[in-house]
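**Q** how does the following fold in three dimensions:
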Amino acid sequence: MAAYIFWRKILEIHPINGVIILEPKVFRFEGEALKVQGEITQKSRFYGSSIWLHIKGFNEHHWLVISANGVDEQSYARLKRATLSAINCALESK
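**A** The predicted structure follows:
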């Protein structure tokens, strides 16, 4: 039962379709069922060929999983750079 609940949560945070908009300080994702806007935080991580984004919004925090095979190479590279920048900025300020 716990595995089923975990799997449902993973499916919830792994969008199938949508548009990613990267701006200097703001990350936006707009899909059919999900709209997220906020900053990429230092909790974001890389696992294999996917990026687990932790987005800090106005009043909520969201997790999004973006896989490399789900977007084109240029978009994935830009997202990876933005995530690395967010992680590095957080480490430098400590």
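
**Q** and the end-to-end length of stretch 62-78?
**A** 20 Å (CA to CA, to the nearest Å).

**Q** tally up the residues packed near the nearest residue to residue 51 once chain neighbours are set aside, please.
**A** Using CB to CB, 6 or more residues apart in numbering and skipping the chain neighbours, the partner closest in space to residue 51 is residue 66 (4.9 Å). Quick note: C-beta positions are derived from backbone N, CA and C, even for glycine. Look at residue 66: counted by other CB atoms under 10 Å, it has 20 neighbours.

**Q** equivalent analysis for residue 48, please.
**A** Residue 48 has 7 nearby residues by other CB under 10 Å.

**Q** which residues in the protein form strands?
**A** Ranges of strands in the chain, per DSSP state E, are 19-22, 27-30, 35-40, 45-47, 50-56, 61-67.

**Q** sheet partners, orientation included, of the first one?
**A** Looking at strand 19-22 with DSSP bridges, its partner strands are strand 27-30 (antiparallel).

**Q** ok, residue 34 touching residue 19?
**A** No. Residue 34 is beyond contact range of residue 19, at 11.2 Å (criterion: CB atoms under 8 Å).

**Q** between the two, which one's more packed in?
**A** Neighbours were counted for residue 34 and for residue 19 using other CB under 10 Å; residue 34 has more, 15 against 9.

**Q** residue 55 pairs with what?
**A** Beta-bridge partners, per DSSP bridges, of residue 55: residue 40, residue 62.

**Q** if I pick it, what's in contact with it?
**A** Applying CB atoms under 8 Å, 6 or more residues apart in numbering, one finds that residue 55 lies in contact with 27, 29, 36-41, 61-64.

**Q** closest one of these to residue 9?
**A** Nearest to residue 9 out of those is residue 63 (CB to CB; 8.9 Å).

**Q** pLDDT wise, what is that closest one at?
**A** pLDDT recorded at residue 63 is 87.

**Q** same check on residue 58?
**A** 76.

**Q** what's around it, how many residues?
**A** 6.

**Q** cool, residue 49 as well?
**A** 10.

**Q** tell me which residues touch the closest residue to it other than its chain neighbours, please.
**A** With sequence-adjacent residues excluded and distances taken as CB to CB, 6+ apart, residue 49 is closest to residue 68, at 4.1 Å. Shown in contact with residue 68 (CB under 8 Å, 6+ apart): 49-50, 76.
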